[in-house]
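K.L.:
next come a sequence and a model predicted from it.
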There are 2 protein chains.
Amino acid sequence: MEPQNQHPTEDGSNKAAGSSANMLRRKSCTRWIPTTDHIRILKELFYNKGVRSPTIEQTQRICLQLKWYGKIEFKNVYFWFVNQRAREKKKKRSTSDVHVPMQRSGLVGDDNVTNWKHEDQWGTMAVMDP
Amino acid sequence: MEPQNQHPTEDGSNKAAGSSANMLRRKSCTRWIPTTDHIRILKELFYNKGVRSPTIEQTQRICLQLKWYGKIEFKNVYFWFVNQRAREKKKKRSTSDVHVPMQRSGLVGDDNVTNWKHEDQWGTMAVMDP
DNA sequence: GCTGTATGAATGAAGG
DNA sequence: CCTTCATTCATACAGC
């Protein structure tokens, strides 16, 4: 995946947002912006270590570890795993077959709609590069 | 204003675009560019048929139908509906600009922005027991 | 050519 | 768990 540069400043230097009149119109800077280290470690856990549904204690420990790399809270880790699981599953479901009546059957030879490779339907959906 | 002319090659020869030498493929095709047929059908579904949040299976069927009109993937259909909902809502909210300024009555001490369901880390949410 | 706008894509957060 | 919302980034296209 190439356009992974979602976050501009991701070096854990989340400065005090909103403390002064620094950012105009930035009232909703509340959301956690993971650092690259955060992402790297979380994906390592999820994909390589097979940590898919960490327990509370595990989540707390992970959170504690990640805090060294930047500001992070428990719920951030929790939601990250929830979302990762959900999106993995959705990707899987999206690629499963669906029974649809093929209309215009037999006439498709004229137009090569099925020219492009089948390819995975979700392609690159925010998962790690295996 | 609104550049509603979202047709890369709109003259019915979309399908033929893949037969001969394709357009230059820099890496991967950047992002999905819907054809006018795609847009027409999607809007027909959204506005006339009232399809606002199709299920996964509905999305798969819609995607398969739309594939006849040009290259499209599951996630394109999925994101299209997500974005359409979000932007319809935003537009509506912005148009009928009444916007009551969230009167908060000042009685309750506004403690934290992160008003998560569970103030302390797990409190009541510990329901996952595998 | 750059700049503004519309829109595809991504993801944190939450609801149910 | 599954679905949805909100916000943001990225990019194609139009007008200047």
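P.N.:
On my side now, so go ahead. In this text, all values refer to a predicted model and were calculated from it rather than measured experimentally.

K.L.:
A:Q58 versus A:R52, what's the distance?
P.N.:
In this view, A:R52 and A:Q58 are 11 Å apart by Cβ to Cβ, to the nearest Å. (C-beta placed from N, C-alpha, C; glycine too.)

K.L.:
in chain A, what secondary structure element scores lowest on mean pLDDT?
P.N.:
Taking mean pLDDT, DSSP states H and E as the measure, the helix or strand of chain A with the lowest value is helix A:74-95, at a mean of 93.

K.L.:
which of the residues in that one are buried?
P.N.:
A:74-78, A:80-81, A:84, A:88, A:90-91, A:94 (16 or more other Cβ atoms under 10 Å in any protein chain shown).

K.L.:
show me which of those residues neighbour chain B.
P.N.:
Near chain B, judged by Cβ under 8 Å from any Cβ of the partner chain, the entries from these are A:74-75, A:90, A:94.

K.L.:
below-threshold pLDDT in chain A: ranges please.
P.N.:
Applying pLDDT under 70 to chain A flags the ranges A:1-29, A:97-130.

K.L.:
ranges for the helices of it?
P.N.:
Counting by DSSP state H, chain A has these helices, from start to end: A:36-43, A:56-67, A:74-95.

K.L.:
what's the last one packed up against?
P.N.:
Yep, that's helix A:74-95 we're talking about. With contacts defined as 3 or more Cβ pairs under 8 Å, 6 or more residues apart in numbering or on different chains; DSSP states H and E, helix A:74-95 has these neighbours: helix A:36-43, helix A:56-67, helix B:56-67, helix B:74-95.

K.L.:
turn the ones you listed into TSV, including distance to B:H38.
P.N.:
Listed next are the helices and strands packed on helix A:74-95 as TSV, based on distance: least, Cβ to Cβ, whole Å:
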stretch	distance to B:H38
helix A:36-43	33
helix A:56-67	41
helix B:56-67	5
helix B:74-95	8
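
K.L.:
of the ones you listed, which approaches B:I39 most closely?
P.N.:
Comparison of the helices and strands packed on helix A:74-95 against B:I39 by Cβ to Cβ identifies helix B:74-95 as nearest, at 9.0 Å.

K.L.:
then the closest one to PDB, C-alphas only?
P.N.:
Extracted in PDB, the C-alpha atoms of helix B:74-95 (Å, rounded to 0.1, in the frame of the first residue of the first chain):
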ATOM      1  CA  PHE B  74     -16.400  -3.900  -3.900                       C
ATOM      2  CA  LYS B  75     -14.800  -1.200  -1.800                       C
ATOM      3  CA  ASN B  76     -15.600   1.400  -4.400                       C
ATOM      4  CA  VAL B  77     -19.300   0.700  -4.000                       C
ATOM      5  CA  TYR B  78     -19.000   0.500  -0.200                       C
ATOM      6  CA  PHE B  79     -17.100   3.700   0.100                       C
ATOM      7  CA  TRP B  80     -19.500   5.400  -2.300                       C
ATOM      8  CA  PHE B  81     -22.400   4.800  -0.100                       C
ATOM      9  CA  VAL B  82     -20.500   5.700   3.000                       C
ATOM     10  CA  ASN B  83     -19.400   9.000   1.500                       C
ATOM     11  CA  GLN B  84     -22.800   9.700   0.000                       C
ATOM     12  CA  ARG B  85     -24.500   9.300   3.300                       C
ATOM     13  CA  ALA B  86     -21.900  11.400   5.100                       C
ATOM     14  CA  ARG B  87     -21.900  14.200   2.600                       C
ATOM     15  CA  GLU B  88     -25.700  14.300   2.200                       C
ATOM     16  CA  LYS B  89     -26.000  14.700   5.900                       C
ATOM     17  CA  LYS B  90     -23.300  17.400   6.100                       C
ATOM     18  CA  LYS B  91     -24.900  19.300   3.300                       C
ATOM     19  CA  LYS B  92     -28.300  19.100   4.900                       C
ATOM     20  CA  ARG B  93     -26.900  20.200   8.100                       C
ATOM     21  CA  SER B  94     -25.200  23.100   6.500                       C
ATOM     22  CA  THR B  95     -28.100  24.100   4.400                       C
END
